[in-house]
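Trainee: 3D model of this:
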Amino acid sequence: MIDKIEVFTQSSIRIKSDVGTIYVDPFKIKEDFHDADYVLITHSHYDHFSVEDIRKVVKESTILVAPESMIDDARELSREVKEVVAVQPGDDKKISGLELETIPAYNTLKPFHPRRAEWVGYILKLEGKRIYIAGDTGATNEAKEVQCDIAIVPVGGTYTMDAKRAADLINTIRPEFAIPTHYGSIVGKQSDGKTFAGMVKDPVKVVEKIQYFEK
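Mentor: Residues are numbered from 1 along each chain as shown. Purely as a prediction, here's the structure:
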């Protein structure tokens with residue numbers, strides 16, 4: 001499953017699975033792919049909810065999933081997709097074949113992602129694996145309780161966990177694989193992925209996936 005996960009810029013993710021092609025927070029997409037069966041949005045900030053980039057990946061049969069708190073913004077795309085589905089933190093649901101859970105995503109030490117916004121990370125249940133896509137979050141109590149096989153976590157600091165806090169989280173939840181995101185473009189250094197990897201303890205394997213760094 002780890003080989004089916006791509007990270008473009010920032011936290012822009014594509015996963016090709018047996019239930020379809022899934023994008024999370026598409027951003028700075030360089031091609032018109034139009035191959036998304038699902039597009040999942042974690043929150044409303046411009047580098048995570050980019051209408052311009054969503055339009056490069058959706059097709060008529062795409063299902064767009066977004067937090068309830070920003071669903072009116074997501075519905076701007078309702079004529080270009082099959083369906084727009086709202087989620088809230090703590091959901092556990094199946095959306096047209098895709099099984100997912102939502103985990104609250106918020107800052108405890110910073111003001112940028114308040115808990116009251118009810119933004120989310122996702123756990124996707126794909127091909128027998130649980131894939132945690134944390135979104136923009138700190139090392140919250142809810143994040144520390146996640147059980148997953150693959151964890152995709154922000155490490156760039158400023159708006160999210162930095163490399164050390166992200167490594168501490170991974171060392172707590174102990175997935176098989178960890179993929180760092182949210183560094184090397186808007187925030188964080190290109191070296192943050194390696195810094196994170198150096199602090200993650202065995203047996204967790206860190207895989208760097210970001211394809212495009214942009215300043």
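
Trainee: quick check: the gap between the residue most central in space within the chain and G198.
Mentor: In the chain, the C-alpha nearest the mean C-alpha coordinate belongs to I133, at 4.0 Å (CA atoms, centre = their mean). Distance of I133 to G198, computed by CB to CB, to the nearest Å: 23 Å. Any C-beta I mention is one placed from the backbone N, CA and C, and that applies to glycine too.

Trainee: again with Y212
Mentor: 23 Å.

Trainee: so the two - more neighbours on which side?
Mentor: Set side by side, Y212 and G198 show more neighbours around Y212, with 15 against 10, by other CB atoms under 10 Å.

Trainee: tell me the backbone dihedrals of the most far-flung residue of the chain relative to its centre, please.
Mentor: Seen from the C-alpha centroid of the chain, the residue lying at the greatest distance (CA atoms, centre = their mean) is R79, 24.3 Å away. According to degrees, to the nearest 10, the main-chain angles of R79 amount to phi -80, psi -10.

Trainee: could you give me the buried positions within the helix ranked longest in the chain?
Mentor: When secondary structure is assigned using DSSP state H, the longest helix within the chain turns out to be helix 163-173. If you call a residue buried by 16 or more other CB atoms under 10 Å, then helix 163-173 has these buried ones: 163, 165-167, 169-170, 173.

Trainee: for the next helix or strand after it, what is the average pLDDT?
Mentor: Using DSSP states H and E, the helix or strand that follows helix 163-173 towards the C-terminus is strand 177-181. When pLDDT is averaged along strand 177-181, the result is 98.

Trainee: again with stretch 151-168
Mentor: In this model, stretch 151-168 carries a mean pLDDT of 92.

Trainee: just the terminal-to-terminal distance for it.
Mentor: One end of stretch 151-168 to the other measures 13 Å (CA to CA, to the nearest Å).

Trainee: what lies in contact with that stretch?
Mentor: 5, 7, 11, 13, 107, 110, 112-113, 131-139, 169-170, 173, 175, 177-184, 186-189, 192-193, 195-196, 199-200 (CB atoms under 8 Å, 6 or more residues apart in numbering).

Trainee: same deal with stretch 3-14?
Mentor: Contacts with stretch 3-14, where a contact means CB under 8 Å, 6+ apart, come from 15-17, 21-30, 42, 47-48, 53, 57, 131, 133, 135-136, 150, 152, 154, 179, 181-182, 185-186, 209-214.

Trainee: go again using 6 Å as the cut-off
Mentor: Applying CB atoms under 6 Å, 6 or more residues apart in numbering, the set of residues contacting stretch 3-14 from outside is 15-16, 23-28, 47, 181-182, 185, 209-212, 214.
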